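Visitor: The following block contains a protein sequence and its predicted model.
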Amino acid sequence: MNGERVRSGGILLHPTSLPGPFGIGDLGPDAHRFVDLLAEAGATRWQLLPLGPPGFGGSPYNAQSSFAGNEALISPELLVQEGLLEDAGIADPPHFPAHHIDFDAVAAFKQPLFRAAWRHFRHTPGRVELDTFRERTAEWLEDFALYRALKKLYHGRPWNTWDPPFRLRDPNALERARSDLADEIDYECFIQWLFDQQWDALRRHAHFRGILVVGDIPMFPNLDSADVWAHQRLFKLDEDGQPTVVAGVPPDYFSETGQLWGNPHYDWPRHAEENYHWWDARFRWTFHRTDIVRIDHFRGFEAAWEVPAGSENAINGRWVPGPGIDIFSRLGLLSRPAIIAEDLGTITPPVRKLRDDAGFPGMEVLHFAFGSGPDNDYLSHNHVRNAVVYTGTHDNDTTVGWLESLDAKTRKHLLEYLGPIDSELPDALIRTVFASVTDTAIIPMQDLLLLGAEARMNTPSEASGSWTWRFSWDQLPPGRIDWLRSLMELYGRLPEPNEDDEQGADA
């Protein structure tokens, strides 16, 4: 394209929300079918939420590891194809809800299948591939596998409630644990190898269809994670491994009392002393698994909201400085087009300066655009090219649900701004997204399906009930993919024809 910027479009959908017979979306046939659907629609971006194993409540933003994969995404059907399971093992699964995930029921069904696959695998020549994988990922996998084995020993309790030798990582205690729990550690490594194999196959298929995968890095890891347990020196913890302060955000659009996340804060001077090695590993591994990385809560690199541990809400916090441009400069990430800065919420001039100095595209969300004056940054006439525009994100209501909840003032502004429309209002918002000047335009799958508030993925101010939404193929309205492709073509977001494909067609 002779250096010209490339316009692109895509869909936001976490793999757990895919259809499938086993209670949760996974990396199997339905994921490959979804990639084909994206290609048919002319999309070239598939945006995901973090792929790590979720902690309490199923949130991918509170994962037990910044590096490991979610075992619930492993496809039993692919295990059968690989000869690790018998057909009979998955021929008659329980009746799972089609549009809702019961995480406990999914785990009760899938975990015995994975154990059976491990019993079969451990005596096969495939062990050589597993050993190679362990060597390649030793930087994080061995600590994660030991963390998981110890967590099972402690019946799921958080690591900061374990006995002191394990909680504080006494070397002799850990060496004994590696010996005593060797079988369970091997199993956890096997699970991660399975995930890696199935994910790599899916991503190769996406690349074959011209789709780039947009991953996600949460700003703060979960307190109860292998990351914090293995690297306690990098976080603001006391001598017993307990957090002294926790992360959140002040009162905002989503909550009058703010959001109290509970994640530990970074000891940024210590990170700088170590040349941000842990962050370097985190970026490298995320780019190993995805093509583009969205940094969630990007503003935390400029300043983050710090709340005393034990607080009931996030009101009485304070802003503390982050590492600023130093971390991106030292890690060689400046002006890297494959990084998206999630710059929503309380954004100040210093945050915008950091984003622009780093050269990262920010985010535009139409749900935040209406009801105020013409200077609102999210209105499409204020968009810039180096950005990604959405109707809403995983934290917003669906567009149908959002429209139904609008007050009279906001709805009036919306209708005046859009002007005469020849389609339903949700589709007019989608059209506005793809018409934007921004380089990239992405809509949640719920908006393509025209689903209401019942399909919302997450409500940030609520502690439970999120992350469970799934769709089914019969919810896709007829002609919807052709319509989406027509928008991609109309607004210059279709991928350029592949020369090899054209030559094959001519032949």
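Guide: The structure has been received and is ready for your questions.
Visitor: which SS class is the residue lying closest to A63 once chain neighbours are set aside?
Guide: Among residues not flanking A63 along the chain, G52 sits closest, at 3.0 Å (C-beta to C-beta, 6 or more residues apart in numbering). Placement of C-beta: from N, CA and C, glycine included. In the three-state summary, G52 is assigned as coil, counting by DSSP: H, G, I helix; E, B strand; the rest coil.
Visitor: For G52, grab the count of nearby residues.
Guide: Other residues near G52 come to 25 when the count uses other C-beta atoms under 10 Å.
Visitor: Might you report the residue contacts of it?
Guide: Remark: with contacts taken as C-beta atoms under 8 Å, 6 or more residues apart in numbering, G52 is in contact with P60, A63, Q64, S65, S66, F67, A68, G69, N70.
Visitor: if we go to 10 Å?
Guide: The neighbours of G52, taking C-beta atoms under 10 Å, 6 or more residues apart in numbering as the test, are 60-70, 144, 216, 218, 221-222, 225-227.
Visitor: Against A41, how distant is it?
Guide: Computed with C-beta to C-beta, to the nearest Å, the distance linking G52 and A41 is 28 Å.
Visitor: What of G57?
Guide: As defined by C-beta to C-beta, G57 lies at a distance of 32 Å from A41.
Visitor: higher neighbour count, the two?
Guide: Ranked by neighbour count (other C-beta under 10 Å), G57 and A41 place A41 first, with 22 against 15.
Visitor: For this structure, which segments count as strands?
Guide: 8-12, 45-47, 212-217, 245-249, 259-264, 292-295, 303-308, 318-321, 339-341, 362-365, 387-390, 440-444 (DSSP state E).
Visitor: Distance to T286, mean neighbour count and mean pLDDT added to the ones you listed, as CSV?
Guide: Supplementary listing: those in CSV, determined by distance: least, C-beta to C-beta, whole Å; neighbours: other C-beta atoms under 10 Å; pLDDT from 0 to 100:
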stretch, distance to T286, mean neighbour count, mean pLDDT
strand 8-12, 17, 24, 98
strand 45-47, 13, 25, 98
strand 212-217, 5, 21, 98
strand 245-249, 20, 23, 93
strand 259-264, 18, 22, 90
strand 292-295, 5, 24, 98
strand 303-308, 20, 20, 95
strand 318-321, 24, 13, 96
strand 339-341, 10, 24, 97
strand 362-365, 18, 22, 97
strand 387-390, 17, 25, 98
strand 440-444, 18, 26, 98
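Visitor: Save those strands as CSV, and put in distance to F190 too.
Guide: Rendered in CSV, the data for the strands of the chain read as follows (distance: least, C-beta to C-beta, whole Å):
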stretch, distance to F190
strand 8-12, 31
strand 45-47, 27
strand 212-217, 23
strand 245-249, 33
strand 259-264, 29
strand 292-295, 27
strand 303-308, 37
strand 318-321, 41
strand 339-341, 32
strand 362-365, 38
strand 387-390, 37
strand 440-444, 34
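Visitor: Out of these, which is closest to Q198?
Guide: The minimum distance between Q198 and those falls on strand 212-217, with 13.9 Å, by C-beta to C-beta.
Visitor: Could you export the closest one as PDB, CA atoms only?
Guide: Listed in PDB are the C-alpha atoms of strand 212-217, where the atom choice follows Å, rounded to 0.1, in the frame of the first residue of the first chain:
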ATOM      1  CA  LEU A 212      -5.300 -10.800  12.900                       C
ATOM      2  CA  VAL A 213      -6.000 -11.600  16.600                       C
ATOM      3  CA  VAL A 214      -6.200  -8.700  19.000                       C
ATOM      4  CA  GLY A 215      -5.200  -9.800  22.500                       C
ATOM      5  CA  ASP A 216      -5.500  -8.000  25.900                       C
ATOM      6  CA  ILE A 217      -3.100  -7.300  28.800                       C
END
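Visitor: Now for the residue nearest to P321 when sequence neighbours are not counted: which residues touch it?
Guide: Taking C-beta to C-beta, 6+ apart, and ignoring the residues beside it in sequence, P321 has A303 as its nearest neighbour in space, at 5.4 Å. Residues counted as contacts of A303 (C-beta under 10 Å, 6+ apart) are R318, W319, V320, P321, G322, G324, T346, T348, P350, V351, L354.
Visitor: picking up where we left off before, what about the residue nearest to A63, distance to A281?
Guide: As for G52, its distance to A281 is 14 Å (criterion: C-beta to C-beta).
Visitor: do L150 as well
Guide: Using C-beta to C-beta, one gets 22 Å for the distance from L150 to A281.
Visitor: neighbour-wise, which of the two wins?
Guide: Higher neighbour count among L150 and A281: L150, with 23 against 14, using other C-beta under 10 Å.
Visitor: Surely that one touches P158?
Guide: No. No contact is recorded between L150 and P158 when judged using C-beta atoms under 10 Å, the distance being 11.1 Å.
Visitor: residues shared between the contacts of these two?
Guide: With contacts taken as C-beta under 10 Å, 6+ apart, the residues that reach both L150 and P158 are R167, W229.
Visitor: before we move on, back to that, tell me which two of the contacts of A303 sit farthest apart.
Guide: Comparing all pairs in the contacts of A303 by C-beta to C-beta, the longest separation belongs to R318 and L354, at 19.0 Å.
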